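# Sequence below, structure please.
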Amino acid sequence: MTPSGTFKMIAQTMFGLEDILINELQELGAEGIEKHNRAVGFSGNLSVMYKANLCLRTALRILVPIHHFEVQSEQDLYDRIKEMKWEDCMDVDDTLAINCSLNSTLFRHSQYLEQKTKDAIVDRFRELFGRRPSVDTLRPSLRINLFINQEKCIVSLDSSGESLHKRGYRDQTNLAPINEVLAAGLVLLTGWDKKSNFIDPMCGSGTILIEAALIAANIPPGCYKEFFGFEKWKNFDQVLWDVIFDDAMNEVNKDKPTILGGEVSKNVVRKAIVNVNEANLKNNIRIETCAFEDLDAPEGRGILVINPPYGERMDKDEDINALYKSIGDTLKKKWAGYDAWIITSNMEAAKHIRLNPNPKIKLFNGSLECRFMRYELYSGTKRKDKLAQTT
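Residues are numbered from 1 along each chain as shown. Take a look at the predicted model:
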């Protein structure tokens, strides 16, 4: 059941990043691309699967569907799973892990379905070989994904192992670190040309800056990971994987646009610098310890991406509206010629920026529904600029 030839895959992603992921897959040479909710379907061979895990910036997992069927009960699930030839995917001395996601009124508890699936697989091995594989939730030989949508069940092999957002470079984080896949998605959504200035004036632990630097230098985000799930599959092709990896690393360039971060907390700056060093990007990123209003704009044009506090964790004596007003005032005063992009879940506070955003892109930061908003910053008014162009 391990894939060969050309086969179908599913790249899971975050809401609002599907179109960016489609663009990435097209660049990789994927075929049969189909957009879904928080996922993109595509086809390719082992080479495409390896590239997808190594190079995609906005994918969370690469799943390979191997079977689908209808289920009405837990016993149905057990019987249908037990019928599958799992011995083609793994040996009795291998380990497994099961992950189940539900969108069904027939079943309530995904953990119970995971248990039934595990029971079915190990019972099949016990009947065939007199022994059974064991469970390893951290680094199994085979990670199996179940998706049950009403009465339909899709069984997939998870080629990624640990979620692809866990790049491997982030050693230090703050209370609410931004997901690396979301951070990469924010950079790509801005349409940044990878040459002009890129600024994150509230950079926290530096994730957005690091993802921007990876994009500018064409560094594959998976190059820091120690392990992918497919490396334990029966059909793992070490020679092909080495070629894919080396080819991707040979495409890395030495472009170093100005990538600048600002952060008011010295302790947080220290964490960001540790992460930048872990990513081997200390020559690509500069971080200053200062408030946004004190950060000087580099000459020329560029992009700002700002992930300010949303208000959930601020002290009662802190004024979230005043903070957003200060952001707006600073943008108007110091950042003419730049495009500023701000992500927030606090749309009431965002009104105090007092600039008109276009577009407003719906995204989720964790469970929080957010808008990612672009503010085009002019040195004068838009009307004056247009008048100057016509006279």
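
# Quick check: pLDDT value at K316.
Per-residue confidence for K316 comes out at a pLDDT of 56.

# What of the one 10 residues further on?
In the prediction, the pLDDT value recorded for S326 is 97.

# Now that it has come up, it's in contact with E293, right?
Yes. S326 is in contact with E293 according to Cβ atoms under 8 Å; the separation is 6.4 Å. In short, each C-beta sits where N, CA and C put it, glycine included.

# more crowded one of these two?
S326 (17 against 14; other Cβ atoms under 10 Å).

# buried residues in the helix or strand harbouring the more buried one?
Secondary structure assignment for S326, by DSSP states H and E: helix 320-334. Residues I320, L323, Y324, K325, S326, I327, G328, T330, L331, K332, K334 are the ones in helix 320-334 that count as buried (16 or more other Cβ atoms under 10 Å).

# Just want the phi and psi numbers for the closest residue to K266 other than its chain neighbours.
Using Cβ to Cβ, 6 or more residues apart in numbering and skipping the chain neighbours, the partner closest in space to K266 is T289 (5.4 Å). For T289, the backbone dihedrals (degrees, to the nearest 10) come out as phi -90, psi 100.

# what are the bridge partners for T289, then?
Note on T289: beta-bridge partners by DSSP bridges are E263.

# That one and E278, how far apart?
19 Å (Cβ to Cβ, to the nearest Å).

# Check L60 too.
Using Cβ to Cβ, L60 is found at 21 Å from E278.

# between the two, who's got more neighbours?
Comparing L60 with E278 by neighbour count (other Cβ under 10 Å), the higher total belongs to L60, at 22 against 18.

# ok, E263 - how many residues close by?
If you count neighbours by other Cβ under 10 Å, E263 ends up with 27.

# pLDDT weak spots in this protein?
For the chain, applying pLDDT under 70 flags the ranges 1, 172-176, 313-317, 380-391.

# Buried residues, the biggest helix by length in the chain. List them.
Counting residues, the longest helix found in the chain (DSSP state H) is helix 110-129. Buried residues in helix 110-129, counted by 16+ other Cβ under 10 Å: S110, L113, E114, K116, T117, K118, A120, I121, V122, R124, F125.

# Next: stretch 96-104.
L96, A97, I98, N99, C100, L102, S104.

# any residues touching the helix holding S326, and which ones?
Helix 320-334 has contacts (Cβ atoms under 8 Å, 6 or more residues apart in numbering) with 292-293, 295-297, 304, 306, 308-311, 314, 338, 340, 342, 344, 346, 348-355, 375, 377.

# what ranges do the helices span in this structure?
Using DSSP H, the helices found in the chain span residues 18-28, 46-55, 74-83, 110-129, 180-189, 207-217, 238-250, 266-278, 320-334, 347-350, 382-390.

# what does the shortest one contact?
Contacts made with helix 347-350 from outside it, assessed by Cβ under 8 Å, 6+ apart, are listed as Y310, G311, I320, N321, L323, Y324, I342, T344, P357, R371, M373.

# now, which of these sits nearest E70?
Each of these was scored against E70 by Cβ to Cβ, and R371 proved nearest at 39.1 Å.

# ok so, going back, distance to V48 added to the buried residues of stretch 96-104, as a markdown table?
Shown next, in a markdown table, are the buried residues of stretch 96-104 (distance: Cβ to Cβ, whole Å):
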| residue | distance to V48 |
| --- | --- |
| L96 | 25 |
| A97 | 24 |
| I98 | 26 |
| N99 | 23 |
| C100 | 26 |
| L102 | 29 |
| S104 | 31 |
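
# I'd like to know which of the residues you listed is nearest to S265.
N99 (36.4 Å).

# In space, what's closest to the spatially most central residue of the chain - neighbours in sequence excluded?
What sits nearest the mean C-alpha location of the chain, by Cα atoms, centre = their mean, is V181, with 1.8 Å. Spatial nearest neighbour of V181, excluding adjacent residues (Cβ to Cβ, 6+ apart): H165 at 4.2 Å.
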